[in-house]
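> Here's a sequence, model it:
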Amino acid sequence: MSVLAVMFFFKGVSYAETPQGESAESPVIDVPKPVKYQYSSSSRRDPFMSIITFNKRIRAGTKENKKRRVLTPLETVDLDSIRLLGVLCDTKGKQHVQCSDRQDGDPKEYELYGLVTITGGKYFVVRKGMPMGPNGGVVSRIYLNNRNEDNLTGIVVKEDSTDPYGRVISIKRKIRLRTEEEEVEWR
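Numbers count the residues shown, from 1 in each chain. Next up, the predicted model:
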């Protein structure tokens, strides 16, 4: 008897949902097809590869294009072990030329050189554009200050390095002329 009651109940519900004069068909809804996801790892590094191996591959790819050359002693020594002894000004035989590091002067009138020493006791004269340091640094500017109150005399070395994501980062490192007190501490 319970089965018979359940059948009448469902039949009554189905008649109650559809009014007389309309059909009992359900409305058609367009469901979009799911988009198939495709993973692209072209812009990412392999998560299972060590960062050291990844950096070696990047360096190997960039060094293949460059010719190998013999490194100077300044390129094999870390910048922290290079000491600036002084800045020299070459006036190219002209008199009454005042040397400064300002950009407003005529660069053809004089040229600035830096006298540096490394921990082995060797002395070198450097100028703008010379390679320096183990990371491929280049001397980008030589500062000369004639005032006694501030010690701004020094050399700026620009190093280009790559981060773990392969982007090139420029780092400027300064080697400044040390005062007498700092000179005693350094020895």
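> which stretches of this structure form helices?
2-17, 51-63, 73-76, 180-186 (DSSP state H).
> which stretch in the ones you listed is the model least sure about?
Across the helices of the chain, helix 2-17 has the smallest mean pLDDT, namely a mean of 53.
> Go ahead and flag the most central residue of the chain.
The geometric centre of the chain, computed from its C-alpha atoms, lies nearest to Ile169 (Cα atoms, centre = their mean), at 2.1 Å.
> Tell me how far that one lies from Ser161.
Relative to Ser161, Ile169 is positioned 6 Å away (criterion: Cβ to Cβ, to the nearest Å). Using the backbone N, CA and C atoms, a C-beta is placed for each residue, glycine as well.
> got it, and Arg57?
Arg57 sits at a distance of 16 Å from Ser161 (criterion: Cβ to Cβ).
> Likewise for Lys33?
Separation of Lys33 from Ser161 (Cβ to Cβ): 48 Å.
> Which one's more surrounded, those two?
Per other Cβ atoms under 10 Å, whichever of Lys33 and Ser161 has more neighbours is Ser161, with 14 against 5.
> Now do Ile38 against Gly154, distance only.
Actually, residue 38 is Gln rather than Ile. Taken as Cβ to Cβ, the span from Gln38 to Gly154 is 54 Å.
> So between the two, which is more surrounded?
Gly154 (20 against 5).
> residues touching that one, list them.
For Gly154, the contacting residues are 84, 87, 142-143, 174-177, by Cβ atoms under 8 Å, 6 or more residues apart in numbering.
> Just the pLDDT for Cys163.
Wrong residue type there; residue 163 is Asp, not Cys. Asp163 is assigned a predicted lDDT (pLDDT) of 80.
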